[in-house]
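What shape does this take:
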Amino acid sequence: MAYEKRNVSTAEGAMTVHITIPEKVDAKKPALIVLQEAFGVNHHILNVCKRLAEHGYVALAPELFHRAGEGIVVEYTNFQAARPLLGGLTNARLIEDMTQTFQLAKTLPFVDSTKIGTIGFCMGGFAALLAACHIDLTAAISFYGGGMTEERPGFAFKPYMHEFKSIKCPVLMGFGAEDQSIPPAQIDLIRDQLKQAHVKAEIVVYPEAQHGFLCDERSSFNPKMADKGWKDIFNWLQQYGRMTL
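Residues are numbered from 1 along each chain as shown. Next comes the predicted model:
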């Protein structure tokens, strides 16, 4: 597979986008905008991009912390260092960054511009569905994205369930049953609001899984549930996400 970096313009400066391309590009491919956790476009996120490319998808990972500098990565054991970075991100800034990445994807000669979706984790899970409210996506995948139902102290993100009615693409959401930061009541509220907004959505709750269970670099990694989660993701993309290869 191939890897490259591109810069896109935002109102507050250039943003780096990491692009991973499948090994065989004999036809235009679907693309997924990979939205980072609270720790930057790190080794794990780049591995996610590789996994997607191995399955035939072009992966684009924008550096959402670009306003604080280029290439910012925070250790998983140092969440306090991530707090000020999160505090500087607003819904509007995320929307701008994702829109610019979407526009970049549409210009790439190896991307099928009719098949562009989002996939995000943690903070990126929040962003993945937010993008679907504002961008004409083909699919949106959100894993353990918090902050959708209520504000969180110290974060500039705002809940946006009232915008679910603007979502036009199918949605897949995954949560850990043991995720203390996103209790069952919040998941139920998200499910209810998506239903009221007539969004075609599938929500999967993974038994014995904690926040971040898909990431093999976090202490909360759950190999069994991570394996199921990735199988669910790729099956859903093909069957329901309109992202056929």
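
Same question for the lowest-mean-pLDDT helix or strand in the chain: list its buried residues.
The helix or strand of the chain with the lowest confidence, counting by mean pLDDT, DSSP states H and E, is helix 79-87 at a mean of 93. Neighbour-count burial for helix 79-87 flags Ala82, Leu85, Leu86 (criterion: 16 or more other C-beta atoms under 10 Å). (Each C-beta comes from the backbone N, C-alpha and C, glycine too.)

what's the nearest residue to the second one if we skip its chain neighbours?
By that I understand Leu85. Of all residues not flanking Leu85 in the chain, Phe65 sits nearest, at 5.0 Å (C-beta to C-beta, 6 or more residues apart in numbering).

hey, where'd the strands end up in the chain?
Counting by DSSP state E, the chain has strands at residues 2-10, 13-21, 29-35, 58-62, 111-121, 140-143, 171-176, 201-206.

which residues sit against the shortest one?
The set of residues external to strand 140-143 that reach it, using C-beta atoms under 8 Å, 6 or more residues apart in numbering, is 32, 117-122, 125-126, 128-129, 131-132, 167, 169-175, 214, 229, 233, 236-237, 241.

repeat that with 6 Å
Strand 140-143 is contacted by residues 118-121, 125, 128-129, 132, 169, 171-174, 214 when judged by C-beta atoms under 6 Å, 6 or more residues apart in numbering.

now it: mean pLDDT?
What strand 140-143 shows for mean pLDDT is 98.

tell me how far it is from the chain's mean position?
Strand 140-143 sits 6 Å away from the centroid of its parent chain (C-alpha atoms, centre = their mean, to the nearest Å).

Tell me which strands it pairs with, and in which orientation.
Looking at strand 140-143 with DSSP bridges, its partner strands are strand 111-121 (parallel), strand 171-176 (parallel).
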